[in-house]
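J.: Everything below, folded, please.
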Amino acid sequence: MRQRSLRTRLVTVTAAAVTGAVLVAACSSGGNDPTNSGSTISPAAESAVESAVDGGSVVDPATPRTRFRFPPAPTAPPADKQSAPEALDNIAAIRQLIIAGEMDVAGVRGLGETGDARHAWYLSDLLRFFRGDDGVIIVDAFEQLTGVDISNDPESEISPWLSLTNHLIAWDTPAYPSYQRDKGAIFTQLEPAWEPFFSDVDADIDWRVLSWGGVFIDDRELGDSESCSGGCIPSLDDFATTDAAGGDWYPDDRIVFGLVEGDAALAFPKNIAEIHEMFNFTLGKRRFGLPYCTLCGSAQAYYTDNSGADEQPVLRTSGLLSRSNKVMYDLVTRSVFDTFTGRAVSGVLQVQGIQLEEVTVVRSTWGKWKAGHPNTQIVAEDGGIGRSYDLDPLAGRDEAGPIFPIGDADRRLDVQELVVGVLQADGTPLAFPSTQASSILATGGTVSLGGVSLVESGDGLRALDDATGDEIPAHEAFWFAWSQFHPTTQLFER
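T.: As a prediction, this is how the structure comes out:
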């Protein structure tokens, strides 16, 4: 009961104080209709979105933000150097009050006086949950530790937590040796079901960039269509479909994510994908998991029937984020997967070396997709669970840039420009700007880089190996997402 009351306390504090921009992102997948079976947004969160209290301001999607140039990184000890005893004492004191749902002001101020910039990561985690006057104290401690005034960053006016954390990621500030344990002590007070993630000392997870997405874990059993207790992003499993004619409810100019397996084709309407963000299903006698990260603009598909795991994985959304990318996990083993690569990074599946095989997902308009794939199925209008879906549930939320921390960004393209991402056989990453590539192909040109060429599919794009003509798995994503997970990516330029 103590953990439940603390969870209620932290959710209330966060919902009442986090800026509207972050809450819209965190709670979008439930919609605003509390009667929906997949609803994830609480009344407190709805109130925060409406009022954007605590001086926060909602980002206007029509006003793209200029990327801030971060100041030089402060000097910090190496990651393996033990923290000073006084720093650990302060963190221990903070942890004890967190259990009671309170913030230890003296401990935070003491941590700011240690002079060890590595502990700024812990302050970042605190700031995610404590705002208002407590937040000012946390920011003051951060500025004392680092010698940097975050008010120089315009984004600090939207969210001090976003700005502070972006600084740390951009600097690549190391963490201190017990950081995973200390961070887990905060996060598992909010969601006890995250404990297997944080307790795995061998997990290949960068704990520094792991953040809370504003919702809780989806740990419902496969096929359960009931809402999550407390709110989650609910996977849609083994959903109902119709043929193309039965999909006339969905406008032809709206986006679908298309998948082909053998002679079978399936389209996922973007508006339904924005609500569920995860699908487990069968197509062409193969079993798939398809995560969609709204924040990254990225729909990916993985085979789950040939992974080599002892039991077939069931993919779920954890409620956590890594550099603004959803963190997915396997319901069966509680192993975390890197959503962008399909590689198990914790738990039993990491020990077994499980790597999910990716399959191409095509982003296309519904009209062009069904014209190119007349035999296609499409997810039913009600998802087979009797609920309704707004055509534009996010209302252009992601058009102004990332609203969760990513650090700095590769400036070769705009952060939100869509690219087709491909990995060559040797692992070399390639990226093709989607709009430019489609324009070139529409006029009879060719789009090729590193022995890979793009071809049209609907009005989306697929990748082929120039040497063999075989298809190479590909998917579209925002440039910031592809480039941060593949920083050495080669970029097609005409």
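J.: going forward, measure contacts between C-alpha atoms and count neighbours the same way
T.: Will do.
J.: what stretches of the stretch 1-150 of the chain score poorly on pLDDT?
T.: 1-66 (pLDDT under 70).
J.: how close does L315 get to A395?
T.: 27 Å (C-alpha to C-alpha, to the nearest Å).
J.: Among these two, which residue is more densely surrounded?
T.: Looking at L315 and A395 with other C-alpha atoms under 10 Å, you find the greater number of neighbours at L315, namely 30 against 11.
J.: Tell me the gap between stretch 151-170 and the middle of its chain.
T.: Offset of stretch 151-170 from its chain centre (C-alpha atoms, centre = their mean, to the nearest Å): 19 Å.
J.: Give the rounded mean pLDDT of that stretch.
T.: The predicted model gives stretch 151-170 an average pLDDT of 95.
J.: From G460, how far out is the residue nearest to R254 when sequence neighbours are not counted?
T.: Leaving aside its sequence neighbours, R254 sits nearest to T365 (C-alpha to C-alpha, 6 or more residues apart in numbering; 5.3 Å). Using C-alpha to C-alpha, we find T365 at a distance of 8 Å from G460.
J.: Comparing these two, which shows the higher neighbour count?
T.: G460 (25 against 22).
J.: isn't the more buried one right next to V361, touching?
T.: No - counting by C-alpha atoms under 8 Å, G460 stays clear of V361, with 9.4 Å between them.
J.: quick one on the thing from earlier: kindly state the beta-bridge partners for the residue nearest to R254.
T.: I255 (DSSP bridges).
J.: Quick one: residues contacting it.
T.: 252-256, 458-460 (C-alpha atoms under 8 Å, 6 or more residues apart in numbering).
J.: which of those residues lies closest to P402?
T.: I255 (20.6 Å; C-alpha to C-alpha).
J.: domains for the protein, by residue range?
T.: Per the record, the chain has its domains at 59-208, 236-379, 409-491, by automatic domain parsing.
J.: Dump those domains to TSV, plus distance to A400.
T.: As requested, the domains of the chain are exported to TSV (distance: least, C-alpha to C-alpha, whole Å):
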stretch	distance to A400
domain 59-208	4
domain 236-379	11
domain 409-491	8
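J.: What is the burial count for S163?
T.: Neighbours of S163 using other C-alpha under 10 Å come to 25.
J.: and if you look at A425?
T.: Using other C-alpha under 10 Å: A425 sits among 9 other residues.
J.: Look up how far D89 lies from it.
T.: Taken as C-alpha to C-alpha, the span from A425 to D89 is 49 Å.
J.: next one: S457
T.: Taking C-alpha to C-alpha, one finds S457 at 59 Å from D89.
J.: wait, M278 sits on R316?
T.: Yes - counting by C-alpha under 8 Å, R316 is a contact partner of M278 at 6.6 Å.
J.: So those two - more neighbours on which side?
T.: More crowded of M278 and R316, by other C-alpha under 10 Å: R316, with 32 against 24.
J.: Secondary structure element holding R95?
T.: helix 85-99 (DSSP states H and E).
J.: what comes up buried for that helix?
T.: 87-88, 90-91, 93-95, 98-99 (16 or more other C-alpha atoms under 10 Å).
J.: If you count neighbours, what's buried in the helix or strand harbouring T242?
T.: Here T242 is covered by strand 241-243, with elements defined by DSSP H and E. Buried residues in strand 241-243, counted by 16+ other C-alpha under 10 Å: 241, 243.
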